[in-house]
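Student: one predicted model, sequence on top.
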Amino acid sequence: MKFISDDIIGPLRIELEKYEKYLKSAQSDPVSEPYRSKYAAMGCLENMQEKINNLDESEHQAAIQSAVLTAYGVLKTETEELSMGEKFLTRSLEICDKVKEEKFTILPRLRSLIYLGVIWCGRDNYDKAKECLEKSMKVFTEFQEENSKEIYDLRDLLNPRDYKMDKQNNTLESYITHAYFYLAQVEGKSGNTRRSAELYHITLDGQRKLPEFDWVDWAKNCAVLSQFYRNEENFTAARYHLAAALSMFDRHAGDVEVIDLEGEKGDKETQEKEVIEEEENSVLARKQEARRNAEGTIHLHCAKYGLAMLEYAHCELLLTPEQKSEKRDVADSSPQFSDFDVDKRLAEVTDESIEDFESARVTFLWAQKHTLEAQKYYTMEDRCSDYVELSRDLSQLYKHLIAFEVDEERKSKMHRRRADLLEPLYRELSPTYYLLVIRQILFELGEIFSDMVDLKRARWEQQPGNQHYAKKVNLLVNQSVLYFQTFLDTMKVEGKDPEKYNEDNVRPALLAFFYLGRMASKYVVEENSPAQLQNVNTTYTNYKKIVDYCDADSSAVSKLQEELEACREMVKLLPIKMEKIRRSLTV
């Protein structure tokens, strides 16, 4: 390529310096003017384009113009002027074709294709977006295969006689990493979740090699990616990505400076220095908050992983050998990062099937630790919904651990801890804003005390003369009844149970009536007494409500098939039992 003389392209260098300065300051733009610096940078590019148009056409002129048009199209896209962005990026690609050697246009060509992919994705045209992004990857691969080591960016094109390889390859790697990232989003929105996860992993692996690597953001995204694998029951891959996120924090422990924004600023000679210091503190404070957010997110996903493992193991206990053989293996293939040791963190928790109390206990303790750590960031005061969800997750951790416990007394104590976690939440949450969550908590509390009733009544049946046990059973029955009744009260309309529950509430509401009927039969009272007659009648009444509701609304039958069958049977038998009790009372 024949280069344009220095004296002709000299004015372009001046505009480039201004452009780069504005871009650098764009991160500090105020919220009220988020694009102030980018608009100023676009002004510099417009000045450059005006000067380029006055140059004689040549390959060098075309290479410079393609780089300027790409930069302009990117800024138009980032300032939400998508149509203008598309126009300039497309024009840049056309001009790239005028340059024979790819090394002069590889960067603007790649970047234009990638941002066109972003624009089409923003318009929900995922096929077009995918086409642009995959084309960028093809261009990159072909360029790599040519084994060309020289790459020219805009600064090089304006200083061709001083060219030397410096960070241009890093820029190229950064662009292709972004291409993988955006293609992962496109695949995800297109419903190709597995392919999306693979691309996110490739993106994360590529980011570690970039000079502008943000390890905090990387660790957070790594933990978030584990969620996909967890939901796929690929616990091997989920554990690996969590271990990678934790290992990254281990490597950078203490990197972020602690800032005291309330402290003394010290003597300042000018108001300008105070402003500069405030801006620096603001940037550092944002970094500190980003780190706290990432830590909270990682701990949250670790807690979710432990819960998923125990829940999966609990479900396995309930399966027959035939059902277990039909299920696929828990372990699955796991993509891994190059040159990154995570073995220490991997050793903390298993990815294999949990089959006994000791292994369940280890997983429980690991998940419990991360739940409590997550709640240091997701506090009741600042992030109430997340705090409540984590508290409920902790209750579920105990629930699944109980499935592996054989000691009845320890089971009761763990149920009691579950209740201790949830009862304060129910009292503190506002029904105005958290009615659905309150209902869920009330129902779970009803179940907890119902399970405790079963444990304590079994103990009473071993010693039926023990009045302390009898009193304990009745107390727990009262607690279960209280929570299920309160749950149903939240659905009442003008003080009455609705004739028809909305679709989401049908099953839980009818189950609550089922539990109320069942609990009434669990009271320890004297045989053939008025109290027993009243309890049997309460059981009958609640079961009858379920039968009548399902007879009136056939769509509810499928939501409660097993329980409904039992209710129909009991509605036939209980009147006979009540009549026998009445006769004995008469005698």
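Tutor: Arrived safely. Residues are numbered from 1 along each chain as shown.
Student: contacts only, for the spatially most central residue of the chain.
Tutor: By CA atoms, centre = their mean, the chain has its centre lying nearest to residue 224, at 5.5 Å. For residue 224, the contacting residues are 297, 301, by CB atoms under 8 Å, 6 or more residues apart in numbering. Just so you know, the C-beta spots here come from the backbone N, C-alpha and C atoms, and that holds for glycine as well.
Student: what helix or strand is it on?
Tutor: helix 215-231 (DSSP states H and E).
Student: can you tell me the average pLDDT over that helix?
Tutor: Across helix 215-231, pLDDT averages out at 94.
Student: state the next helix or strand along the chain beyond that helix.
Tutor: Downstream of helix 215-231 (by DSSP H and E), the next one is helix 235-251.
Student: report the angle between that following helix and helix 215-231.
Tutor: With axes from the mean of the first three to the mean of the last three CA atoms, to 10 degrees as the basis, helix 235-251 and helix 215-231 are set at 160 degrees to each other.
Student: what is helix 235-251 packed up against?
Tutor: Here helix 235-251 touches helix 215-231, helix 271-317, helix 343-346, going by 3 or more CB pairs under 8 Å, 6 or more residues apart in numbering; DSSP states H and E.
Student: phi, psi of residue 81?
Tutor: Main-chain torsions, residue 81, degrees, to the nearest 10: phi -100, psi 70.
Student: which residues touch residue 22?
Tutor: By CB under 8 Å, 6+ apart, the neighbours of residue 22 are 37-38, 40-41, 44.
Student: tell me the one of these nearest residue 505?
Tutor: The shortest gap between residue 505 and any of the contacts of residue 22 belongs to residue 38, at 49.7 Å (CB to CB).
Student: surely the closest one and residue 79 touch.
Tutor: Yes. Taking contacts as CB atoms under 8 Å, residue 38 lies within contact range of residue 79: 5.6 Å.
Student: name the residues contacting each of those two.
Tutor: Counting by CB under 8 Å, 6+ apart, no residue touches both residue 38 and residue 79.
Student: look at these two and report which has more neighbours.
Tutor: For residue 38 versus residue 79, neighbours defined as other CB atoms under 10 Å are more numerous around residue 38 (19 against 15).
Student: and that one, what element?
Tutor: Here residue 38 is assigned to helix 36-53, by DSSP H and E.
Student: what helices or strands is that helix leaning on?
Tutor: The contact analysis (3+ CB pairs under 8 Å, 6+ apart) places helix 36-53 against helix 6-25, helix 59-78.
Student: would you mind giving these as JSON lines with distance to residue 244 and mean pLDDT added?
Tutor: Shown next, in JSON lines, are the helices and strands packed on helix 36-53 (distance: least, CB to CB, whole Å; pLDDT from 0 to 100):
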{"stretch": "helix 6-25", "distance to residue 244": "31", "mean pLDDT": "91"}
{"stretch": "helix 59-78", "distance to residue 244": "30", "mean pLDDT": "95"}
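Student: what ranges of the stretch 101-250 of the chain fall below the confidence cut-off?
Tutor: Residues of the stretch 101-250 of the chain that meet the criterion pLDDT under 70 lie in 147-148.
Student: how about the helices of the stretch 451-587 of the chain, start to end?
Tutor: 467-489, 503-520, 530-552, 561-586 (DSSP state H, counting those that start in this stretch).
Student: minimum distance to residue 229: which of these has it?
Tutor: The closest of the helices of the stretch 451-587 of the chain to residue 229 is helix 503-520. By CB to CB, the value is 28.9 Å.
Student: convert that closest one to PDB, retaining C-alpha atoms only.
Tutor: Extracted in PDB, the C-alpha atoms of helix 503-520 (Å, rounded to 0.1, in the frame of the first residue of the first chain):
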ATOM      1  CA  GLU A 503     -55.700 -21.000  38.800                       C
ATOM      2  CA  ASP A 504     -52.400 -20.500  40.700                       C
ATOM      3  CA  ASN A 505     -54.100 -20.800  44.100                       C
ATOM      4  CA  VAL A 506     -56.400 -23.800  43.500                       C
ATOM      5  CA  ARG A 507     -54.000 -26.500  44.500                       C
ATOM      6  CA  PRO A 508     -52.400 -24.700  47.500                       C
ATOM      7  CA  ALA A 509     -55.900 -23.700  48.800                       C
ATOM      8  CA  LEU A 510     -57.400 -27.100  48.500                       C
ATOM      9  CA  LEU A 511     -54.200 -28.700  50.000                       C
ATOM     10  CA  ALA A 512     -54.600 -26.300  53.000                       C
ATOM     11  CA  PHE A 513     -58.100 -27.600  53.600                       C
ATOM     12  CA  PHE A 514     -56.700 -31.200  53.300                       C
ATOM     13  CA  TYR A 515     -54.100 -30.400  55.900                       C
ATOM     14  CA  LEU A 516     -56.700 -28.800  58.200                       C
ATOM     15  CA  GLY A 517     -58.800 -32.000  57.900                       C
ATOM     16  CA  ARG A 518     -55.800 -34.200  58.600                       C
ATOM     17  CA  MET A 519     -54.600 -32.100  61.600                       C
ATOM     18  CA  ALA A 520     -58.000 -32.300  63.200                       C
END
